[in-house]
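Novice: Fold the following for me, if possible:
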Amino acid sequence: MRFFTESERLEAFSDGVLAVIITIMVLEIRPPSGATFAAILEAAPGVGLYALSFVFIGIYWNNHHHMLRASKGIDGASMWANLHLLFWLSLVPFSTQWLGAHFGAVAPTALYATIFLLCAIAWSILQWFLQRLNGPDTPFARAVAADVKGKSSIVLYMIAIALAFVLPLASYALLVIVATMWFVPDRRFEALIDR
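Specialist: Below is the predicted model of the structure:
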């Protein structure tokens, strides 16, 4: 019988939480009130937001897997940082549902973008704790040193929050841009995993 390492346990737990988050999101999608094709247009914003949120959760799941595999292990601090990330990700269904019910409204748009900003900050914190655990002159530390996509994502999320107050559609466009940036898995870790 094979026992899981601590990293594998953390990854399995995180995978389970992310699966539940996606399940909750899909259960919150309501069918259109009418029975015509025109009624489908009523549900389009909610379905579109579900798809965007699904992509974001998938991006975190994919990159989380790569980052944990590239790390030499985990410690108590990185476990708490991981829970911090999962906390913010667990609020994605709430913000998705609220925005789906009030598409184009300022407060739901701002909250939706804010949740993703807090997820990105939590990701950076987890990455920092893993970098500290791996050591300053390790391949892991060199892989995460620049983190251009991570830092630019945080800036784009902040701009999206500001735009929510004046032009919500531009805020959505920025969120799609961030998702597009991250759609390809973080290649910084692939070389480390191959080793």
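Novice: In the chain, where's the longest helix?
Specialist: helix 37-70 (DSSP state H).
Novice: For it, what does the pLDDT average out to?
Specialist: In this model, helix 37-70 has a mean pLDDT of 90.
Novice: same thing with stretch 76-95?
Specialist: 96.
Novice: And stretch 91-99, what's buried?
Specialist: 91, 92, 93, 95, 96, 97, 98, 99 (16 or more other C-beta atoms under 10 Å). (Each C-beta comes from the backbone N, C-alpha and C, glycine too.)
Novice: Check stretch 15-35 too.
Specialist: Residues 17, 18, 21, 22, 25, 28, 32 are the ones in stretch 15-35 that count as buried (16+ other C-beta under 10 Å).
Novice: can you list these in TSV and add distance to residue 70 and pLDDT?
Specialist: Below are the buried residues of stretch 15-35 laid out as TSV (distance: C-beta to C-beta, whole Å; pLDDT from 0 to 100):
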residue	distance to residue 70	pLDDT
17	21	95
18	19	95
21	23	95
22	24	93
25	28	91
28	34	83
32	44	81
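Novice: quick one: which of the residues you listed is nearest residue 124?
Specialist: residue 18 (18.3 Å; C-beta to C-beta).
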